[in-house]
Structures are given as structure tokens and as C-alpha cells.
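Novice: Structural data only, the sequence is not supplied:
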């Protein structure tokens with residue numbers, strides 16, 4: 001009798017969960033995988049889907065903003081009416097039709113304006129970025145908003161704790177947001193030290209499992225620091241001693257961060273304020289949290305928030321839009337390269353059109369499963385004319401995209417489903433040949449220290465290695 005009841009419960013539960021999957025999932029591979037798990041693992045599969053497969057972010061996010069996600073018919077109306085178009089004078093005078101096309105795509109996706117009068121400076125590794133960030137915190141007079149994925153204990157962490165404590169002592173409004181999983185990368189979490197110094201700190205979606213795990217979903221992977229609404233920092237840099245290359249740590253990590261000035265800082269501040277209110281229900285209002293719109297340079301930029309809420313796949317569509325408009329070159333630097341089928345197709349088509357596509361990856365990654373799965377996919381781009389370069393140690397965590405030496409995308413995203421579908425990211429798109437040239441010089445130096453990966457080397461892997469890599473690749477949508 002008990003067996004019959006369990007069977008009936010499984011069938012009813014599986015039917016309901018399968019219906020939810022069919023109605024809400026738009027990735028057929030993900031949908032098939034979940035439906036298979038639900039039916040082949042009685043009850044357990046349904047429980048796993050309810051716990052891990054349902055996005056619980058979009059509804060509260062939309063409610064906090066006072067609106068729901070942009071409906072398909074509304075988005076279509078935005079595109080048809082040209083509401084996303086920007087005034088011609090905002091882009092550089094010599095901007096090509098391709099740049100105007102990219103600006104239209106991103107405008108329709110983000111519903112945010114391009115901002116002129118900006119300045120952005122690349123900062124290499126923690127050796128350059130941390131001192132600049134600490135100096136900005138020490139210069140703060142009104143507010144400091146900091147969001148990070150990992151905030152570790154150590155020399156670097158203590159530098160930030162001390163600077164934030166000094167700001168609090170001066171009467172500056174300070175708020176620190178650490179991802180709920182990233183906060184667990186050091187033990188005990190540095191949250192306790194921050195609170196001991198009376199620094200307001202919160203965790204974004206705290207984990208119920210008391211240990212870090214690189215494959216948890218719905219993480220706040222953004223790295224934002226905004227000072228007085230006037231100076232901002234964003235990129236891929238966490239707060240970790242490994243990012244200080246001068247310390248020569250065994251796990252040393254290369255990375256790049258960016259100091260941002262000008263009107264676009266207001267968009268970074270808006271993203272931080274939203275994340276903080278989401279995590280704490282405290283709205284950040286008043287003069288201390290008002291952006292400064294002073295002109296700081298000649299660069300045109302726009303912030304791009306991305307996440308599994310109303311900003312779902314914004315960065316993915318931005319990248320696809322940029323690749324579609326590429327005419328001469330596409331240069332990618334990423335630590336994790338697990339593009340899905342549309343991205344692979346876009347890279348292939350770009351190469352077929354005669355665009356030089358260069359992809360720079362670490363030869364030895366820090367996540368073994370991701371490394372194996374990425375290796376299994378590389379033939380899909382190499383065989384169509386893209387070039388792949390492998391960088392030696394220290395591990396390169398940098399994230400850069402430069403197209404046609406004029407358009408750049410910098411920030412926190414990786415080329416994998418976790419970044420582009422499951423986590424919260426923040427990037428800045430930049431329209432500037434001068435800024436692109438600075439990034440190109442950085443990429444040139446990285447390529448000069450790397451080696452070109454020939455397709456023959458991939459094909460010569462042993463059958464066991466190919467099976468291992470292919471098995472890891474099967475989990476690509478979830479890595």
C-alpha cells in the first residue's frame with residue numbers, strides 16, 4: 001500500500017513539476033535535463049528542481065523596482081518605435097554604423113541611456129587596483145557603497161576593513177554587500193570583522209550550506225565600489241591576497257579592474273543601491289547617495305546590469321549584438337570559456353565573414369570540471385578559423401572583449417552559462433578607440449606571453465582524456 005501511495009505521489013508531483021518546467025524554461029537542453037531527472041529520480045528529482053531549478057529572484061526584484069519584467073510585446077514596441085535609439089551626438093563623431101547598431105541593441109536591452117563625458121582607467125591586478133580603491137575610500141566625504149563576490153581575510157582584506165572603518169569614523173555612510181557564498185571563502189567570514197568595526201554589512205542570499213561552492217546558482221558576482229556617487233570601480237577583481245602578485249602566492253591570480261569617472265558612475269550607483277535594498281530592505285536615499293554628473297573625459301559608456309531577473313540574458317544579447325556587427329576583429333579574454341550554441345555559432349559566423357577572432361584562456365584553470373568541459377568545446381571554434389591562445393601561470397581571471405578596436409565590454413561576466421544565465425553580473429560598454437587601444441595593448445602583452453593552441457593538439461588527445469572532457473561537457477549548462 002505504501003509503495004502504491006509513493007508511486008501515485010511521484011506521478012502527480014512529476015506531472016506538476018514537468019508542467020512548470022515546460023511553461024517557464026526557455027532553454028530546451030535545460031528543460032529536457034530537468035524533466036528527465038524529475039521522472040527518472042522519483043520524488044528526489046522533483047525536490048531538486050523545486051530547490052535548485054526555480055528562479056525565486058524575478059518576482060521580488062520586479063516588485064522592488066515597481067514593475068515586472070519587460071513583457072515580450074513591450075520589448076517589441078521599444079524596438080519598433082526606436083525608443084532605445086540614442087542621439088547621434090552622444091557617440092563619437094566618427095562612429096560607424098556598426099557602433100550605432102550596437103548602441104541601439106544595448107539601449108533596447110537595458111533601457112538606459114548612453115552617457116558621454118566619462119573616463120575609465122584599467123588597473124592591473126590587486127597591486128594597482130587595491131591602492132587606487134583604498135585611496136578613493138579614504139577620500140570619501142559622503143558615501144561608500146561596496147559589493148563583491150569574495151571578501152577574504154588576509155593582507156588585502158585587512159586593508160579594506162581598515163579603510164572602511166576610517167570612513168565610518170569620519171561620518172561617511174558606508175554599506176558593504178558580500179555574496180552569501182563568496183563570504184564563506186575564508187573562515188571565519190570577514191563579516192564579523194566588519195561588524196566589529198561598526199561597518200554596515202550584509203550578505204546577498206546567504207547560503208544554507210556553511211561552505212563555499214563554485215557551482216551554486218543565483219550568486220551576486222558583481223564587483224562594484226562607488227565613492228560619493230562620483231568615482232566608481234568595477235571589473236573582475238575580488239578582495240583576496242592571491243590578487244597581489246607581488247606576494248608571489250602559490251595561487252596567484254592575474255586580474256583587471258577599472259576606475260570609472262563621469263556620468264556613468266550614476267548607473268553603477270543605481271545598481272548597488274538596488275542590490276543593497278534587495279538584500280536588506282533598506283533604501284539608500286538622500287544627498288549621500290545622489291550621483292555626481294560632472295564630466296570627467298571624452299569616453300561614451302553605459303552600465304549593463306545582468307541577472308536571472310528582469311535583466312535576464314542582457315549580457316548574452318549584448319555580446320551577440322557586438323559579434324554580429326564585428327567587421328575586423330574580435331578579441332576575448334576570459335578565465336572560463338563554455339559558450340552555448342548561439343555564442344559558438346556567432347563566433348563561427350564572424351570568422352567566416354573574415355573577422356579575426358582571438359580567444360585568450362588560461363592553460364590551467366582553477367576549476368577542473370570547467371577546464372575539462374571547455375577543452376571539449378574548443379574544437380568547435382578552432383575548426384572554423386578562430387584562434388585560441390593559452391596563457392601560463394599565474395592563473396588569469398581577466399575579462400575583456402574588444403571589437404574592431406573601437407567597442408569594448410568590461411566587467412564581471414565570464415563566457416559560461418553560470419555568468420550569462422544564473423548569476424548577477426555588471427559590465428560597462430565603452431565607445432572609444434583610445435580606450436580600446438589601451439585594452440588592445442594589454443591583450444597584446446598577454447598573447448605575447450601565451451602560446452597558440454593548434455587544432456591538431458586537441459585531436460591528438462588520448463581517448464580517455466577525450467571521454468573525460470566530453471563527460472564534463474555534458475554538464476555545460478550547469479557549470
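Specialist: Received, thanks. Treat the numbers as computed from the prediction; the structure is a model and nothing was measured.
Novice: if I pick residue 138, what's in contact with it?
Specialist: 163, 166, 167 (CB atoms under 8 Å, 6 or more residues apart in numbering). Every residue, glycine included, has its C-beta placed from N, CA and C.
Novice: Quick check: which element contains it?
Specialist: helix 125-139 (DSSP states H and E).
Novice: so for that helix, what's the average pLDDT?
Specialist: Here helix 125-139 scores 98 as its mean pLDDT.
Novice: Counting by contacts, list what whichever strand or helix holds residue 438 packs against.
Specialist: Residue 438 belongs to helix 433-448 when assigned by DSSP H and E. Using 3 or more CB pairs under 8 Å, 6 or more residues apart in numbering; DSSP states H and E, the elements in contact with helix 433-448 are strand 115-124, strand 329-333, strand 356-362, strand 387-391, strand 400-403, strand 407-411.
Novice: circling back: ranking by neighbours, what's the top pick from the contacts of residue 138?
Specialist: When neighbours are counted by other CB atoms under 10 Å, residue 167 leads the contacts of residue 138 with 22 neighbours.
Novice: Residue 137 is in contact with that one, correct?
Specialist: Yes - between residue 167 and residue 137 there is a contact under CB atoms under 8 Å: 5.6 Å.
Novice: shared neighbours of these two, anything?
Specialist: Joint contacts of residue 167 and residue 137 (CB under 8 Å, 6+ apart) are residue 144.
Novice: Now do the contacts for the spatially most central residue of the chain.
Specialist: Nearest to the mean C-alpha position of the chain, by CA atoms, centre = their mean, lies residue 413 at 2.5 Å. Residue 413 makes contact with 221, 306, 315, 399, 419, 420, 425, 427, according to CB under 8 Å, 6+ apart.
Novice: pLDDT value on it, please?
Specialist: Taking residue 413 on its own, its pLDDT is 97.
Novice: secondary structure class for it?
Specialist: Recorded secondary structure, residue 413: coil (DSSP: H, G, I helix; E, B strand; the rest coil).
Novice: Skipping adjacent residues, who's closest to residue 155 in space?
Specialist: residue 241 (5.4 Å; CB to CB, 6 or more residues apart in numbering).
Novice: Can you pull out the low-pLDDT segments for the stretch 201-350 of the chain?
Specialist: Where the stretch 201-350 of the chain drops to pLDDT under 70, the residues are 208-217.
Novice: Where do the helices of it begin and end?
Specialist: 265-280, 314-325, 341-352 (DSSP state H, counting those that start in this stretch).
Novice: Run through who's touching the last one.
Specialist: To tie it back to what came earlier, the one meant is helix 341-352. Counting by CB under 8 Å, 6+ apart, 316, 319-320, 323-324, 326, 330, 339, 357, 377, 380-381, 384-386, 415 sit against helix 341-352.
Novice: Buried residues in that helix, which are they?
Specialist: Neighbour counts over helix 341-352 (16 or more other CB atoms under 10 Å) mark 343, 346, 347, 348, 350, 351 as buried.
Novice: if we can go back for a sec, surely the residue nearest to residue 155 meets residue 152?
Specialist: Yes - between residue 241 and residue 152 a contact is recorded at 6.8 Å, counting by CB under 8 Å.
Novice: and this structure, what are its domains?
Specialist: 2-54, 117-304, 314-478 (automatic domain parsing).
Novice: Could you check the angle the helix holding residue 138 makes with strand 115-124?
Specialist: 130 degrees (axes from the mean of the first three to the mean of the last three CA atoms, to 10 degrees).
Novice: any idea of the angle the following helix or strand past helix 125-139 forms with helix 125-139?
Specialist: Using DSSP H and E, the next helix or strand after helix 125-139 towards the C-terminus is strand 143-148. For strand 143-148 against helix 125-139, the angle by the same axes, to 10 degrees is 160 degrees.
Novice: how far out from the middle of the chain is strand 143-148?
Specialist: The chain centre lies 17 Å from the centre of strand 143-148; the measure is CA atoms, centre = their mean, to the nearest Å.
Novice: and it, which strands flank it?
Specialist: Sheet pairing for strand 143-148, assigned by DSSP bridges, gives strand 173-179 (parallel), strand 224-227 (antiparallel).
Novice: and it with helix 265-280, angle?
Specialist: Using the same axes, to 10 degrees: strand 143-148 against helix 265-280 is 70 degrees.
Novice: Just the buried residues of stretch 393-403, please?
Specialist: 394, 395, 396, 397, 398, 399, 400, 401, 402, 403.
Novice: If you could redo that for stretch 288-297, that was the one I meant.
Specialist: Buried, per 16+ other CB under 10 Å, within stretch 288-297: 288, 289, 291, 292, 296, 297.
Novice: Now stretch 471-479: average pLDDT?
Specialist: 79.
Novice: Identify all contacting residues around that stretch.
Specialist: In contact with stretch 471-479 (CB under 8 Å, 6+ apart) are residues 27, 29-30, 33, 215, 338, 340, 367, 369-370, 372-373, 376-377, 416-418.
Novice: at 6 Å what do you get?
Specialist: 29, 30, 338, 369, 370, 372, 373, 376, 417 (CB atoms under 6 Å, 6 or more residues apart in numbering).
Novice: Quick check: end-to-end length of stretch 333-341?
Specialist: 19 Å (CA to CA, to the nearest Å).
Novice: what separates that stretch from the chain centre, distance-wise?
Specialist: The answer for stretch 333-341 is 12 Å, by CA atoms, centre = their mean.
Novice: same deal with stretch 367-387?
Specialist: 20 Å.
Novice: again, but for stretch 347-359
Specialist: Distance, centroid of stretch 347-359 to centroid of chain: 23 Å (CA atoms, centre = their mean).
Novice: burial of the residue lying closest to residue 118 once chain neighbours are set aside, as a residue count?
Specialist: Using CB to CB, 6+ apart and skipping the chain neighbours, the partner closest in space to residue 118 is residue 262 (3.3 Å). As a burial measure, residue 262 scores 25 neighbours (other CB under 10 Å).
Novice: could you say which helix or strand contains the residue lying closest to residue 43 once chain neighbours are set aside?
Specialist: Once flanking residues are discounted, residue 43 sits nearest to residue 10: 5.4 Å by CB to CB, 6+ apart. Using DSSP H and E, residue 10 sits in helix 2-24.
Novice: Quick check: buried residues in that helix?
Specialist: Buried-residue list, helix 2-24, by 16+ other CB under 10 Å: 10, 13, 14, 17, 18, 20, 21.
Novice: Tell me the helices and strands packed up against whichever helix or strand comes after it.
Specialist: Downstream of helix 2-24, the first helix or strand assigned by DSSP H and E is helix 28-40. Packing contacts for helix 28-40, counted by 3 or more CB pairs under 6 Å, 6 or more residues apart in numbering; DSSP states H and E, involve helix 2-24, helix 44-48.
Novice: For residue 443, find the nearest of the ones you listed.
Specialist: Closest of the helices and strands packed on helix 28-40 to residue 443 is helix 2-24, at 39.1 Å (criterion: CB to CB).
Novice: what's next to stretch 380-396, contact-wise?
Specialist: With CB under 6 Å, 6+ apart, stretch 380-396 has contacts from 252-254, 344, 347-348, 351, 357-363, 366, 378, 447, 450-453, 455.
Novice: List buried residues within these.
Specialist: Buried, going by 16+ other CB under 10 Å: 252-254, 347-348, 351, 357-362, 378, 447, 450, 453, out of the contacts of stretch 380-396.
Novice: Farthest pair within these?
Specialist: 252 and 348 (34.4 Å).
Novice: Excluding sequence neighbours, find me the nearest residue to residue 22.
Specialist: Per CB to CB, 6+ apart, closest to residue 22 is residue 31, 6.7 Å.
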